[in-house]
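Colleague: 3D model of this:
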Amino acid sequence: MPEPEFAVQSLLNTPGIEIRDVCCRGTCRHQTDEECATATQLVFPYRGVYVRHLGREQAVAEANQVLFFNAAEGYRVSHPVSGGDSSLTVTLSEPLLRELAPRVQVRDGAALAFRQQRLRIDPRAQVLVALLRHSLRHNIAEPLEAECLALTLVRRALGPRTTHAAGASAGHQRLVDRIKLVLMSDPTRRWTLAGIAAEVRGSPVYLTQVFQQVEGIPLYRYQLRLRLARALDLLARYDDLTALSLDLGFSSHSHFSAAFREAYGCSPSEFRQSALRR
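Modeller: Numbering: from 1, shown residues only. From the prediction side, this is the model:
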């Protein structure tokens, strides 16, 4: 039998919160048939990349984003970059989600639905995603602790001080999406502006200006966060942190550790201890 396209693992299922780990092989490069979620979900990609198509709009899904899948809203997915993807999917009961979601982010109407496809999350939200996933997969977190972590993650992912909503023309957004796909096509490569510009066929100066305008942070910092998010995913598989740092494209273990601590407030070994060995 062929290997299934999706692998779904239920990590938590309580009356108010459901958390699933969803892995997709990403074999379909073109847009899939239309799908829809049965309940409004917050989806946190942590490995790989895909593109979600909603009408004429699209959103590149990668580890710097949270995506909103509204109940009964049709969408399609494509995988322009090979390798598949994995996401942590968080579904809250509607009363909980209504209490946490800022009114400016949701549409008017009887059913709760988000206005935007995605928001950029900050590094502390990324580390909460990893902590929640690792601790549940390794049976470390009790349900009450996991529920509290999930609510903290959602609150941070929706917070106006800890997220960024892109505001740009359709043309600028498309350019930024192309840059993201270039970065994700080889996430450990030490990209240069010239290399990225050659791939997207644009001026290095122009693309850095547009990227900063759309995403609110410099291009180099965005790529660094992608690498560090990959580290959060892989820490459980590596005993040798020097090997991990080199595999992720960092120049040294010290460079990796310093960047990790600056982003997440702890060293890689401290995070591994808290997430996997309590």
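Colleague: And the residue positioned nearest the centre of the chain, its phi and psi?
Modeller: By C-alpha atoms, centre = their mean, the chain has its centre lying nearest to residue 63, at 2.7 Å. Taking degrees, to the nearest 10, you get phi -70, psi -10 for the backbone angles of residue 63.
Colleague: per-residue confidence at it?
Modeller: Residue-level confidence at residue 63 comes out at 96, pLDDT.
Colleague: OK, contacts around the closest residue to residue 65 other than its chain neighbours?
Modeller: Nearest non-adjacent residue to residue 65, counting by C-beta to C-beta, 6 or more residues apart in numbering: residue 118, 4.8 Å away. For every residue, glycine as well, the C-beta is placed using N, CA and C. With contacts defined as C-beta atoms under 8 Å, 6 or more residues apart in numbering, residue 118 is in contact with 59, 61, 65, 66, 67, 68, 166.
Colleague: how much space is there between the third one and residue 77?
Modeller: Using C-beta to C-beta, to the nearest Å, we find residue 65 at a distance of 14 Å from residue 77.
Colleague: can you pull out the strands in the protein?
Modeller: Ranges of strands in the chain, per DSSP state E, are 6-13, 17-24, 41-48, 50-54, 57-61, 65-69, 76-78, 85-92, 118-121, 163-164.
Colleague: now the ones you listed as a markdown table including distance to residue 154?
Modeller: Shown next, in a markdown table, are the strands of the chain (distance: least, C-beta to C-beta, whole Å):
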| stretch | distance to residue 154 |
| --- | --- |
| strand 6-13 | 13 |
| strand 17-24 | 9 |
| strand 41-48 | 6 |
| strand 50-54 | 19 |
| strand 57-61 | 17 |
| strand 65-69 | 9 |
| strand 76-78 | 23 |
| strand 85-92 | 6 |
| strand 118-121 | 11 |
| strand 163-164 | 11 |
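Colleague: which residues does the closest residue to residue 6 other than its chain neighbours bridge with?
Modeller: Leaving aside its sequence neighbours, residue 6 sits nearest to residue 24 (C-beta to C-beta, 6+ apart; 5.5 Å). Residue 24 has the following beta-bridge partners by DSSP bridges: residue 6, residue 85.
Colleague: how many other residues sit next to residue 24?
Modeller: For residue 24, the neighbour count with other C-beta atoms under 10 Å is 20.
Colleague: my guess is it contacts residue 5, does it?
Modeller: Yes: using C-beta atoms under 8 Å, residue 24 is in contact with residue 5, at 6.3 Å.
Colleague: Touching the lowest-mean-pLDDT helix or strand in the chain from outside, list them.
Modeller: Ranked by mean pLDDT, DSSP states H and E, the helix or strand of the chain with the weakest confidence is strand 163-164, at a mean of 82. When contacts are defined by C-beta under 8 Å, 6+ apart, strand 163-164 is touched by residues 66, 119, 120, 121, 122, 125, 156, 157, 215, 216, 217.
Colleague: List the buried residues in stretch 94-114.
Modeller: 96, 97, 101, 105, 106, 112, 113, 114 (16 or more other C-beta atoms under 10 Å).
Colleague: Sweet, I'm off.
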